[in-house]
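Trainee: Let me see the structure of the following:
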Amino acid sequence: MDGFDLLRELTESHGPVGHETEPAAIVAREFEETADRVRTDAMGNVIGTVEGAADAAGGDPPELLVAAHMDEIGFLVRHVDDEGFVRVSPLGGWNPEVLRSMRVRVHADDGDDPLDGVIGAVPAHVRDTDGEQDVEDVAIDLGLSAEEARERVSVGDAVTTRAPTERIGDCVAGTALDDRAGVWTVLRALERADPDATVHAVATTQEEVGLRGAAGVGVDVAPDAAIAVDGTLERSVPGVDPADRVTELGAGVGIKHVDATVVPTPTFVRRLEALADEHAVPFQREVASNIGTDTGALQTAAGSTPVGALSIPVRYHHSTVETAHVDDLAATVDLLAEAIEVGPAGLVEG
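Mentor: Okay, here's the model as predicted:
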């Protein structure tokens with residue numbers, strides 16, 4: 001897979017909601033190679049701008065905003081108990097079923113080295129099969145005494161998961177593919193495209209708690225059109241009705257028709273589909289009722305903005321084994337690069 005090392009670096013970096021420093025540094029480094037200007041705003045969004053050419057009359061070029069979020073779900077420390085176990089509150093939406101036996105990292109705010117730990121699992125010999133674990137029940141074991149744990153861990157410290165990103169068959173599996181894979185596609189498409197429009201490529205923050213980074217940058221940039229790339233549900237697994245699968249691994253990039261936060265601009269959607277057909281990019285139409293993306297915030301942040309959304313099918317969402325097909329990743333890069341090439345006029349009026 002071309003570009004796998006960058007994808008692995010992005011997904012294995014630690015950047016929970018509101019604490020996206022590590023992935024932001026990687027994105028800024030990559031933008032230095034492709035963008036004319038790179039900046040970071042007060043929300044932590046990283047913006048790489050490629051300046052477009054003036055039109056025939058000398059007017060300013062149209063502006064396109066292309067976004068993907070770099071935050072991941074995580075936790076914040078809320079207590080260290082008398083036995084040295086760390087208790088946490090969630091940052092973003094966790095499925096409690098995936099928490100047992102998870103490896104985690106506690107990031108001390110005082111600049112000390114992070115601490116690795118584990119979320120324990122109850123042995124099968126003594127487990128109450130009727131019991132369910134909630135996020136508030138999680139106890140992180142750092143392998144330290146209570147005294148040392150309290151010295152090194154503070155309330156408010158961020159906690160992330162630890163898991164390798166690996167190739168499995170025709171897929172990539174790891175943590176934070178939602179949405180570091182989207183960030184990766186933005187970086188790769190920006191390398192390839194040669195736009196006439198001004199393009200603001202953005203790695204956004206705090207998507208997992210209400211699309212907050214996108215809402216801020218949408219006002220600051222106020223583009224003529226915007227497109228976001230995110231992971232979407234892929235549930236073509238045993239026990240799920242085909243009508244509820246949303247997308248399918250290996251069937252191509254998703255072109256969103258609706259989700260819980262946005263109805264993309266119909267002409268934008270049709271143009272994305274036409275571009276995919278024109279350039280032989282495999283795609284699938286996405287209708288999702290129970291997820292949201294930065295597209296929703298970008299549509300209204302600066303008034304009324306034409307928007308579209310591309311989706312990467314991701315199986316096992318919000319876990320340490322999120323899985324995406326390499327062909328879908330390639331298709332997303334291909335279609336996004338074509339969208340950047342045609343710019344706002346080609347996406348909204350074409």
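
Trainee: which residues touch D112?
Mentor: R152 (Cβ atoms under 8 Å, 6 or more residues apart in numbering). The way it works is simple: take the backbone N, C-alpha and C, and place the C-beta from them, glycine included.

Trainee: And the pLDDT at it?
Mentor: Confidence at D112, expressed as pLDDT, is 73.

Trainee: In which helix or strand does it reside?
Mentor: Under DSSP states H and E, no helix or strand contains D112.

Trainee: That one and G303: what is the separation?
Mentor: Counting by Cβ to Cβ, to the nearest Å, the gap from D112 to G303 is 45 Å.

Trainee: try A280
Mentor: On the measure of Cβ to Cβ, A280 and G303 end up 36 Å apart.

Trainee: Which parts of the stretch 251-350 of the chain are helices?
Mentor: Ranges of helices within the stretch 251-350 of the chain are 266-278, 294-300, 326-344, based on DSSP state H, counting those that start in this stretch.

Trainee: Comparing those, which comes out most buried?
Mentor: helix 294-300 (a mean of 26; mean count of other Cβ atoms under 10 Å).

Trainee: can you list the residues that contact stretch 47-63?
Mentor: With contacts defined as Cβ under 8 Å, 6+ apart, stretch 47-63 is touched by 27-28, 31, 34-41, 190, 195-202, 217, 221-225, 343-345.

Trainee: and that stretch, which residues are buried?
Mentor: Under the neighbour-count criterion of 16 or more other Cβ atoms under 10 Å, stretch 47-63 has I47, G48, T49, V50, G52, P61, P62, E63 buried.

Trainee: Closest to E273 out of those?
Mentor: P62 (21.2 Å; Cβ to Cβ).

Trainee: phi, psi of the closest one?
Mentor: In this entry, P62 is assigned phi and psi values of phi -60, psi 160 (degrees, to the nearest 10).

Trainee: Now do it against D113, distance only.
Mentor: Taking Cβ to Cβ, one finds P62 at 47 Å from D113.

Trainee: Please apply the same query to V104.
Mentor: 15 Å.

Trainee: Show me which of these two is the more surrounded one.
Mentor: Per other Cβ atoms under 10 Å, whichever of V104 and D113 has more neighbours is V104, with 25 against 8.

Trainee: Tell me the pLDDT of the more buried one.
Mentor: 96.

Trainee: Surely it is in contact with I140?
Mentor: Yes. Counting by Cβ atoms under 8 Å, V104 touches I140, with 5.8 Å between them.

Trainee: For these two, list the residues in contact with both.
Mentor: With Cβ under 8 Å, 6+ apart as the test, V104 and I140 both reach G117, V118, I119, V159.

Trainee: Let me see the contact set for V258.
Mentor: With Cβ under 8 Å, 6+ apart, V258 has these contacts: P264, V287, A288, S289.

Trainee: nope, V155 is what I meant
Mentor: With Cβ under 8 Å, 6+ apart, V155 has these contacts: V77, R78, H79, V80.

Trainee: Quick check: the third one is in a strand.
Mentor: Yes. When DSSP: H, G, I helix; E, B strand; the rest coil is applied, H79 is found to be in a strand.

Trainee: Does it touch R87 like I think?
Mentor: Yes. At 4.2 Å, H79 and R87 qualify as touching, with contact defined as Cβ under 8 Å.

Trainee: and the closest residue to A301 other than its chain neighbours, what element?
Mentor: Using Cβ to Cβ, 6 or more residues apart in numbering and skipping the chain neighbours, the partner closest in space to A301 is G218 (2.7 Å). Using DSSP H and E, G218 sits within helix 212-221.
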